[in-house]
Structure formats: structure tokens, C-alpha cells
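Novice: Here is a sequence together with a model predicted from it:
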Amino acid sequence: MLIGETTLTALSPTYVWIWTLFAIVLTWTAFHNGKKKGHNATETETETESETANRNGADVIVVGAGVAGSALAYVLAKDGRKVHVIERDLSEPERMMGEVMQPGGRLMLAGLGLEDCLEDIDAQKMKAFVVHKDGKYGNCPFPEDVKFPYEARARGFRNGRFVQRLRHKASSHTNVNLEEGTVKSLVEEKGVIKGVKYKSKSTGQETTAFAPLTVVCDGAYSNLRRSLHNPKVELHSYIIGYTVKNSRLEDPENLHLIFSEPSFAVVYQIGSNEVRCMTEVLRENVPSISSGEVISFLKEIIAPQVPPKLRDIFVKGLDESPEIKTVATKSMGDSLCDKNGVIVLGDAFNMRHPIVASGMMVALSDIVILRDLLKTLNNLGDAKKLSRALKSFHKLRKPMSATVNTLADAFHQALIASSDKAREAMRQGSFNYLSRGGVFTKGLTAILGGMNPRPPSLVLHLFGITFASIATLLSPFPTPHGIWHSLRLLRLALAMLGSHLKEEGVTQMLSPAAAAAYRKRYMTATPA
């Protein structure tokens, strides 16, 4: 008995340590499992709260309240969507671009129920544009005898006034929350855009907004598109312009396009007593504003080329020490990003040279198409259905966008003065084609005004301009020198057209059926 007690006493420390270790393991296991369950419960609760926030909050977040963002917010709100619009600066913009709404753009505004936004902003009617070159001119009116269900007139106005009207129209809808703030970044999870992080101007705090769909409409200088895709942005030149106050043109309903050197100049009415004067300079020869070089350039180089009936107003504006603005002209092809939950629109999505003044028209056309596609989606968070809708959108927009993009590039190339015989012949041929009147002028003006967005028709007109240009090289009779430059000119024209066929798609550019379907479905003045 003594021996057993001695043995038990000797083994007691061993049992104590074993039981202590066992207790520690059990305690740690119980604590770890409890923590894991608590963490899972917290995650589940957070996910539930997030889903609830999405259901009770915005259906769509729109970044940017320019023309595209404001118009889209309004039409989506009309369709019952709750829209949260975040705009960096809600004061009236001071822009020199976006001051002409083509007849086709006005038709799109009417279809969206926004035609009244051109009222009460002192918008001026435009019935034609007039081309000038070397003392000659040609009148190019918008045709009134084509199948176009709206008034064949454009409008000239101050862009900021129009944007403010659109913002007011959108924010007046109960489904729209228009907020001033700066979007810092997109919120992304596993390739899906869930919302945005932004700094609110009213609170000064950074916050996160969630929605099943985010639409990026933050303009030509978009920072967000770089996080979605990396399209090629091409810088062409710079537009220099100013406003002449207390002035009115002799023919205020005409926009004047001057084939000046080194490139074009434009004069048109943007208000009852305000005239816009602009000229293009190549990117390697931009005169300095601060040194006064730009005033000398406009007075000494451009003003003498301006027709006499416009020159007095052109020079008057320069004598009044105007605020000179400089804007870069860019082009960027459209491309869809491979991330779900997001759409890019407006100049953040697709740009072309502004010479045809149709950027707003293309954006509004895109909104008409997108509105109809989104109407069929009950759940904007359905990635597969949304992806299919965006692919359809990319295809359906082509008749309008491809027409405008191709025309803008061709027109810009034709307007640049050159010492090259072939290029200068194309410039002269373009002026001849526009100023001759009849079916040629009427057809091209209808395309420019968005009244007949048919890429195949544009291709025919481009060949017509090319042959008119060749005729100037072969007149009064063909010579080996003239034939050589004619072949070079033809090669230039084919290269330009070929690049757009590749960019826009051969089928989309050359399919009459696609253009006919677009006209039938979208070119109506009846609000949906």
C-alpha cells in the first residue's frame, strides 16, 4: 500500500500536465470555433445589409452630369430606376465645344422627352452652313424633302446653359439624386464593378456608393476609363476660339465654315447678341496666349482670309481683349470593357474630331438605344443579361456612330491646307462638291445633320468627293503629272476609308439593312 501511494504521488505531476494541456487545447478549439462562427455571422450580416442597401438605394450610379449623364439619368428615372448622379462641379460649365445641336440630335432629344431643354437658353436657329474658299462660297441647307420626322433645323447655343437645363430636368425627377462630389475610383470585386468611392462636397468626407450598374460619363478627360480599358486616344490639333459680345451676323441662321490656311475657321451665332469665332491650329504650331502671340496670329493670318461680311465681327472680338480658349481635338474608337456592372458613355466612350459638331447627337442616340435595351432587364445585377445587352448596344449604335466618326475624320483631313498636290486637290474637290448644290450637297448635308445616318450612303459620297478631287487634277486635260497625283489621291482616300472599315467593322459600315433598321426603330420623334 505504501508502495502504491508512493507511485501515485510520483506520477501526479505527469497527470496534471496532461490534463492542463488537454484543457488548453479544448479552450483554444472552443474559442477558435466561436470566433469563426461570429466572423461568418458578421459576413452574412454585412452581405445582407449590402443587398438591402442596393435594393433600397440606387439602381444606377451615373458619374458625370454633362449632356450624356444628365439625359441618361432622366430617362432611366422615367423608367422607374433610382439614379444617383455624382458630378464634380454643378456650376454652369464654360465650354467652347458642344454648341451646335444638329437636326438629328434634336430628334433624339424629342424621343427622350427632353426637347424643352433647348428652350429658354437663347438658342439660335440654324438652317444651313455656308462654305467659303478663295472668295467663293456655297450654301448648304439642311434638306426639307427627305424622310425626316422633325424640323430640319439645327440650334446654336452656349453649352453651359443647355447642360444646366438638362441637370435641372433630371434633378426635378423624384427618382434622381444629383450630388456634387468627386469620384476617386470604382469599387471592384472579382471583375465586377459594385459602385464608386467619392468625396462629397457637402460633407467633405469620402464615402462609398453601391448600385447594380455604374455608368461612367465623365467626359473626354475621363480618369475612370483607364481602369476599365485602355483605348487609343489620338490628339489631332487645337481649336482656338473666343466670343464676340453685342454682335449679330447678317445671316444669323447660317454657320460659316472657312477653308482658311493652315486649317479651317468657323463663325456662328450662339446667342441673340453673341457670336462664336474659332480656328484650328496644328498641334506643332500652337501660338502662345500669355505672350499675345495668339492675337497676332488671328489678326494677321486668319482675319484676312475671313470673308469681308464676317471680318468686321471677327476683328471686333479680337479688339475687345476676349477670353481666348484652347481645346484639344481628339478621336477615340469605341470599345467595350470586359468588366461587368459598368457602362461607359459620351466622350469617355467614343470621340471624333468636332468639325462636324455631332458629338452630342451621337451621345443622345446611344442613350435612346441603351434605354430600350435596359427596359427589358428587371434585374440590372444580372451580369449575363447585362453583358448581352451591351453587346447589342455596341452593334445597334453603329449606323449613327460610324457615319459621324467617318465623316468627321474625312472632313477634317480635307480641310487641312497642304503643299502636297494630291491633298490640296482633295481640299478643293471637297469645296466643289459641297458648293455645287443639288442632290450631292443635299445628300451630304442630310448625313452631316444626322437626318440620314447611313454609312453606305456616306461611302458613296466620299467616292464622289474623291472623283471630284481627281477632276481638278486632270483639268483641263490629263497629264502624266496629273495622273500620278490622281493615283496618289485615290490611294489616300482608300487608306482613310479602309482604316474606318477596320475600326467600325466592314459589316456595320456597308450593310444597308443595319442602317434601315436603325432608322425604322430609333428615328422617331415620339417620346417612349
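Specialist: The structure has been received and is ready for your questions.

Novice: so where do the strands sit in the stretch 1-150 of the chain?
Specialist: Assigned by DSSP state E, counting those that start in this stretch, the stretch 1-150 of the chain shows strands spanning 60-63, 83-87, 100-101, 124-126, 128-133, 136-141.

Novice: in this protein, which segments are predicted with low confidence?
Specialist: Residue ranges of the chain with pLDDT under 70: 1-56, 527-528.

Novice: Walk me through the domains of it.
Specialist: The chain is divided into the following domains under automatic domain parsing: 60-122+157-231+333-396, 233-329, 403-522.

Novice: With respect to Val146, which of those domains lies nearest?
Specialist: Using C-beta to C-beta as the measure, domain 403-522 is the one of the domains of the chain that comes nearest Val146, at 5.2 Å. Heads up, the C-betas are built off the backbone N, CA and C, glycines and all.

Novice: CA atoms only for stretch 250-268, dumped as PDB, please.
Specialist: Taking C-alpha atoms only, stretch 250-268 is exported to PDB below (Å, rounded to 0.1, in the frame of the first residue of the first chain):
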ATOM      1  CA  GLU A 250     -26.100  89.500 -91.200                       C
ATOM      2  CA  ASP A 251     -27.400  85.900 -91.700                       C
ATOM      3  CA  PRO A 252     -27.500  84.500 -88.100                       C
ATOM      4  CA  GLU A 253     -29.200  81.300 -89.300                       C
ATOM      5  CA  ASN A 254     -26.100  80.200 -91.100                       C
ATOM      6  CA  LEU A 255     -22.900  78.600 -89.800                       C
ATOM      7  CA  HIS A 256     -19.900  79.800 -91.800                       C
ATOM      8  CA  LEU A 257     -17.100  77.300 -92.500                       C
ATOM      9  CA  ILE A 258     -14.000  78.900 -94.000                       C
ATOM     10  CA  PHE A 259     -11.400  76.900 -95.900                       C
ATOM     11  CA  SER A 260      -8.500  79.000 -94.500                       C
ATOM     12  CA  GLU A 261      -4.900  78.200 -94.000                       C
ATOM     13  CA  PRO A 262      -3.400  76.400 -92.200                       C
ATOM     14  CA  SER A 263      -6.800  74.900 -91.400                       C
ATOM     15  CA  PHE A 264     -10.400  75.900 -91.100                       C
ATOM     16  CA  ALA A 265     -12.100  78.700 -89.300                       C
ATOM     17  CA  VAL A 266     -15.800  78.800 -88.100                       C
ATOM     18  CA  VAL A 267     -18.100  81.700 -87.300                       C
ATOM     19  CA  TYR A 268     -21.700  81.200 -86.000                       C
END
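
Novice: ok, back up a step: can you tell me which of the strands of the stretch 1-150 of the chain comes nearest to Thr479?
Specialist: strand 128-133 (24.0 Å).

Novice: Show residues contacting that closest one.
Specialist: 137-142, 251, 253-259, 307, 428, 431, 434-435, 445 (C-beta atoms under 8 Å, 6 or more residues apart in numbering).

Novice: That one relative to strand 136-141, how many degrees between them?
Specialist: With axes from the mean of the first three to the mean of the last three C-alpha atoms, to 10 degrees applied, the angle from strand 128-133 to strand 136-141 works out at 160 degrees.

Novice: mind checking how far strand 128-133 is from the chain centre?
Specialist: How far strand 128-133 lies from its chain's middle: 26 Å, per C-alpha atoms, centre = their mean, to the nearest Å.

Novice: and if you look at stretch 297-314?
Specialist: Using C-alpha atoms, centre = their mean, the offset of stretch 297-314 from its chain centre is 32 Å.

Novice: out of the contacts of strand 128-133, which are buried?
Specialist: 137-142, 253-259, 307, 428, 431, 434-435, 445 (16 or more other C-beta atoms under 10 Å).

Novice: Can you tell me which of these end up in helices?
Specialist: Those of the buried ones among the contacts of strand 128-133 mapping onto helices are Gln428, Phe431, Leu434, Ser435, Thr445, per DSSP state H.

Novice: would a markdown table of the residues you listed with distance to Glu280 be doable?
Specialist: Formatted as a markdown table, these follow (distance: C-beta to C-beta, whole Å):
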| residue | distance to Glu280 |
| --- | --- |
| Gln428 | 18 |
| Phe431 | 16 |
| Leu434 | 18 |
| Ser435 | 20 |
| Thr445 | 21 |
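
Novice: As JSON lines, the strands of the stretch 1-150 of the chain with distance to Gln508 would be great.
Specialist: Output for the strands of the stretch 1-150 of the chain, formatted as JSON lines (distance: least, C-beta to C-beta, whole Å):
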{"stretch": "strand 60-63", "distance to Gln508": "27"}
{"stretch": "strand 83-87", "distance to Gln508": "30"}
{"stretch": "strand 100-101", "distance to Gln508": "25"}
{"stretch": "strand 124-126", "distance to Gln508": "29"}
{"stretch": "strand 128-133", "distance to Gln508": "27"}
{"stretch": "strand 136-141", "distance to Gln508": "27"}
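
Novice: In terms of helix, strand or coil, where does the nearest residue to Leu390 once chain neighbours are set aside fall?
Specialist: Distances taken as C-beta to C-beta, 6 or more residues apart in numbering place Leu336 nearest to Leu390, at 5.9 Å, with adjacent residues excluded. Assigned with DSSP: H, G, I helix; E, B strand; the rest coil, Leu336 falls in the coil class.

Novice: what's Leu336 sitting at in phi/psi?
Specialist: Here is the backbone geometry of Leu336 (degrees, to the nearest 10): phi -80, psi 140.

Novice: Thank you, goodbye.
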